[in-house]
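Undergrad: need coordinates for the below:
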Amino acid sequence: MQLQFAMDTLTTEAALDLAGKAAPYVDVIELGTPLIKSAGLSAITAIKEAHPDKVVFADLKTMDAGELEADIAFSAGADLVTVLGVAGDSTIAGAVKAAEAHGKGIVVDLIGVPDKAARAKEVVALGAAFVEMHAGLDEQAEEGFTFETLLRDGEASGVPFSVAGGITTETIEAVQASGARIAVAGSAIYSADDVAAAASALRDAISEPASA
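TA: Numbering: from 1, shown residues only. Here you go, the predicted model:
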């Protein structure tokens with residue numbers, strides 16, 4: 001299982017600082033939606049140039065104009081771009097078309113989707129590389145929601161998935177056990193007093209598969 005660092009900062013300078021500290025311990029560097037809205041596409045380029053060996057994830061959360069928005073993000077250096085699962089199939093298909101043209105990938109964020117497992121199957125059939133089992137703050141506050149809900153939805157989907165929201169050193173083992181492809185950690189890393197140590201601790205909490 002890979003480790004993704006989601007940076008919810010607002011400036012390219014802060015993002016470069018955070019990414020530099022966490023990079024030795026993470027596989028995927030995510031530019032959060034607020035960062036891209038605040039700093040623009042140039043932030044994607046800056047992170048990719050600083051870390052060409054890392055997968056750069058642009059969290060656009062596209063809802064419309066899928067092909068256009070994905071294309072400009074890929075052109076800026078992104079390797080993966082998100083489209084919302086609540087978007088129409090044509091929007092997702094358009095983003096996938098752009099991804100194929102660039103040799104990159106589309107991730108469908110299932111935040112706000114009532115039946116995440118069912119929608120996951122549909123969007124992977126449309127060409128998404130994988131889905132993100134993601135519950136926003138409001139969704140997490142709804143009655144009956146638990147972190148395990150995301151893991152169950154991922155397992156039930158039968159498609160490649162990542163998990164975002166509530167990832168800590170205490171929960172990451174369960175994420176790996178669910179079969180997730182990627183664990184997405186945000187505040188557990190960037191809010192820590194020692195960003196590098198926090199990222200390292202999460203990396204250490206991911207168990208290596210037994211050798212054959």
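Undergrad: what's opposite residue 4 in the beta bridge?
TA: residue 28, residue 184 (DSSP bridges).
Undergrad: gap between it and residue 38?
TA: Residue 4 is 20 Å from residue 38, where distance means Cβ to Cβ, to the nearest Å. For the C-beta atoms, the positions are set from N, CA and C on the backbone; glycine is no exception.
Undergrad: where along the chain do the strands fall?
TA: 2-7, 28-31, 55-62, 80-84, 105-109, 130-134, 161-164, 182-185 (DSSP state E).
Undergrad: more neighbours, residue 4 and residue 38?
TA: residue 4 (24 against 14; other Cβ atoms under 10 Å).
Undergrad: report the buried residues of the longest helix along the chain.
TA: Identified as the longest helix of the chain according to DSSP state H is helix 89-102. The neighbour-count check on helix 89-102 (16 or more other Cβ atoms under 10 Å) flags 91, 92, 93, 94, 95, 96, 98, 99 as buried.
Undergrad: quick one: contacts of the worst-scoring helix or strand of the chain on mean pLDDT?
TA: Lowest on mean pLDDT, DSSP states H and E among the helices and strands of the chain sits helix 137-140, with a mean of 78. Residues from elsewhere that reach helix 137-140, judged by Cβ atoms under 8 Å, 6 or more residues apart in numbering: 111, 112, 145, 165, 166.
Undergrad: hmm, which of these are the buried ones?
TA: Applying 16+ other Cβ under 10 Å to the contacts of helix 137-140 flags 111, 165, 166 as buried.
Undergrad: okay if I get these as a markdown table plus distance to residue 13 and pLDDT?
TA: Converted to a markdown table, the buried ones among the contacts of helix 137-140 look like this (distance: Cβ to Cβ, whole Å; pLDDT from 0 to 100):
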| residue | distance to residue 13 | pLDDT |
| --- | --- | --- |
| 111 | 28 | 95 |
| 165 | 27 | 85 |
| 166 | 28 | 80 |
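Undergrad: residue 54: which of the residues you listed is nearest?
TA: Distance to residue 54 across the buried ones among the contacts of helix 137-140 (Cβ to Cβ) is lowest for residue 165, with 21.8 Å.
Undergrad: spit out the contact partners of that closest one.
TA: By Cβ under 8 Å, 6+ apart, the residues touching residue 165 are 134, 135, 136, 140, 147, 150, 184.
Undergrad: this completes my enquiry, with thanks.
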